[in-house]
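Peer 1: sequence and predicted structure below; questions after.
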Amino acid sequence: VSATGCTYESRVFAAGNDRCTGAEVVAENTSRCALSTLPGIEVVFRCPATTVASGLTATYSGTVRNIGNVTLNSIRVVNSLTGDSTVFSRPSLVPGESVEFTGTYPVPTNCCTVTSTLSVTAMDDCSQQAVSDTSTGTCPILYSSNIEVTKVCPTQTVEPGDSLSFSGTVSNPGDITLEDVHVYHEVAGTTNVVVGPITLVPGQTVTYRTRFIVPVDYCDDVVTATGRALCPGSEPVTASVNTACPVLLTPMIMVEQQCPSVPASAGGLFTFTGTVWNAGNVTLTNVFVYNSMPISGTRLIGPITLVPGASSRFTGSYTVDGGCCETLDVLTATGLDRCSGQSVENTASSVCPLESSPALSIRKFCGPGQAFTGTVTNTGDITLTNVVVVANTGSTPQRLLGPIELAPGESARFEGSAPE
């Protein structure tokens, strides 16, 4: 038996002898038969080495291999994404032979993945039997998910307590559809849903409008848009805008002092109380209160923060002069507008009475003859004015001293003589 190509040749012989003469006779037959074949072909698809963005062209690779025991002819590979156009062709492949090839396909838009199927066909060189195979791959697409939100404030200025209406848009500037899109409005710790849930295709824009009551202490509010690409496992996208709409704010601070119910003694410790409060409609930060006594700029309280309408009490004390019947305090309160940083200031003056114990003593010293001297002393705790010393040593009173002023503890000398 000898094989050539797709067939093999078979020869048979027969021999025998004539019974009578013993002569040998022979016979021979040759025939050609088809070989038994097992044709087979395999194709393998491989995704692009790098992820390609939508709208571009991707280059993939593949392998076609003769996995049978007979030569294959008319090998042709096509891709499901490019229709009947031939991706790869070859006249023949001997058994075990494989060939690498590449191809391209357009990457679709607004997709997460693209599925591509390679189909290969060939003919058995011997039997002309057709063989085929397919290979399918799902490849990721490089997409860009994004979201934008805008806010348009009214032109007129409102005040806290008024209704404020504004509008805006939410849009998808990316190249992939966004699902579960919401627009939220947050003001004064309260969040409301303005839009959603909706779906935004690439390039789509949706307009919104909402209103709210402007709270006291309004500095800003936040509009936030969120969404997620339709692709499994995608990260959420978000965008915010916190432009404050025009609101008339009036920062104001007030301060006052309360004198003690029992007046302090002159020369003693004077202790008072006071109150500082936010009389405006916006929070004040870095609030301080200073006193002019005992020296200018004496800090009484601060820094503290006061919300609108809030107040804080404080105390202060210092030693008052012994020669005073009252004390004057000038309080200065300062603070910063939380929204604009604008400084506000206010002052308050207060005169508080002091308790005093006026007293005066006089001493006389006789001299030679009719002469005499003496001293007058302020033995109290308050300055004395219009102090005079008069001698009644005759029919007519004689002024010896004054009028003068004596501070507490201060003395003045006088002298005189009795008439003869």
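Peer 2: Thanks, I have the structure now. Numbers count the residues shown, from 1 in each chain.

Peer 1: tell me the contacts of the residue nearest in space to the middle of the chain?
Peer 2: Central residue of the chain (CA atoms, centre = their mean): Ser240, 8.8 Å from the mean position. Applying CB atoms under 8 Å, 6 or more residues apart in numbering, we find Ser240 in contact with Val149, Val222, Val223, Thr224, Ala225. Yep, even glycine has a C-beta here, placed from its N, CA and C like the rest.

Peer 1: report pLDDT for the second one.
Peer 2: The pLDDT attached to Val222 in the predicted structure is 95.

Peer 1: go on, the last one?
Peer 2: According to the prediction, Ala225 has pLDDT 98.

Peer 1: what's the answer for the first one, then?
Peer 2: Residue-level confidence at Val149 comes out at 97, pLDDT.

Peer 1: in which helix or strand does the closest residue to it other than its chain neighbours reside?
Peer 2: Taking CB to CB, 6 or more residues apart in numbering, and ignoring the residues beside it in sequence, Val149 has Ala225 as its nearest neighbour in space, at 3.7 Å. Element membership for Ala225, per DSSP states H and E: strand 222-229.

Peer 1: same thing with Phe270?
Peer 2: strand 269-278.

Peer 1: just the CA trace of that strand, in PDB.
Peer 2: Output of strand 269-278 as PDB, limited to C-alpha atoms (Å, rounded to 0.1, in the frame of the first residue of the first chain):
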ATOM      1  CA  LEU A 269     -13.100  96.700  93.700                       C
ATOM      2  CA  PHE A 270     -15.800  97.600  91.100                       C
ATOM      3  CA  THR A 271     -17.500  94.500  89.500                       C
ATOM      4  CA  PHE A 272     -20.100  94.800  86.800                       C
ATOM      5  CA  THR A 273     -21.900  92.700  84.300                       C
ATOM      6  CA  GLY A 274     -22.800  93.200  80.700                       C
ATOM      7  CA  THR A 275     -24.500  91.600  77.600                       C
ATOM      8  CA  VAL A 276     -23.400  91.400  74.000                       C
ATOM      9  CA  TRP A 277     -25.900  90.200  71.400                       C
ATOM     10  CA  ASN A 278     -26.300  89.700  67.700                       C
END
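
Peer 1: which residues touch that strand?
Peer 2: For strand 269-278, the surrounding residues in contact (CB under 8 Å, 6+ apart) are 252-260, 264, 284, 287, 289, 300-301, 306-320, 327, 329, 331, 333, 335, 350, 352, 354.

Peer 1: so which of those are in strands?
Peer 2: 253-258, 284, 287, 289, 300-301, 306, 311-319, 327, 329, 331, 333, 335, 350, 352 (DSSP state E).

Peer 1: buried residues, the strand holding Phe270. List them.
Peer 2: By 16 or more other CB atoms under 10 Å, the buried positions in strand 269-278 come out as Phe270, Phe272, Gly274, Thr275, Val276, Trp277, Asn278.

Peer 1: tell me the one of these nearest Gly409?
Peer 2: Within the buried residues of strand 269-278, the smallest distance to Gly409 is 19.8 Å, found for Phe270 (CB to CB).

Peer 1: state the pLDDT value of the closest residue to the closest one other than its chain neighbours.
Peer 2: Closest residue in space to Phe270, ignoring its immediate chain neighbours: Ala264 at 4.2 Å, by CB to CB, 6+ apart. What the model reports for Ala264 is a pLDDT of 83.

Peer 1: my guess is Ala264 contacts Glu355. True?
Peer 2: Yes - the criterion here is CB atoms under 8 Å, and Ala264 meets it with Glu355 at 6.7 Å.

Peer 1: looking at the two, which is more packed in?
Peer 2: Taking other CB atoms under 10 Å, Ala264 and Glu355 do not tie; Ala264 has more neighbours (21 against 13).

Peer 1: check Ser36 and give its pLDDT.
Peer 2: For Ser36, the pLDDT comes out at 66.

Peer 1: repeat that for the one 4 residues further on.
Peer 2: At Gly40 the predicted local distance difference test score is 93.

Peer 1: ok, now which ones touch it?
Peer 2: By CB under 8 Å, 6+ apart, the contact set of Gly40 is Asn66, Ile67, Gly68, Val131.

Peer 1: by pLDDT, rank the residues you listed and give me the bottom one.
Peer 2: Pick the lowest pLDDT in the contacts of Gly40 and you get Gly68, at 89.

Peer 1: for the closest residue to that residue other than its chain neighbours, grab phi and psi.
Peer 2: Ranked by CB to CB, 6+ apart and with sequence neighbours excluded, the top spatial neighbour of Gly68 is Gly40, at 3.7 Å. Note on Gly40: its backbone torsions stand at phi -160, psi 150 [degrees, to the nearest 10].

Peer 1: look up how far Phe270 lies from Gly40.
Peer 2: With distances defined as CB to CB, to the nearest Å, the gap from Gly40 to Phe270 amounts to 111 Å.

Peer 1: what sits against the nearest residue to Leu284 once chain neighbours are set aside?
Peer 2: Leaving aside its sequence neighbours, Leu284 sits nearest to Gly335 (CB to CB, 6+ apart; 3.6 Å). Contacts of Gly335 were listed using CB under 8 Å, 6+ apart, and they are Pro251, Ile253, Asn278, Leu284, Thr285, Asn286, Val287, Phe288, Leu306, Ser343, Val344, Glu345.
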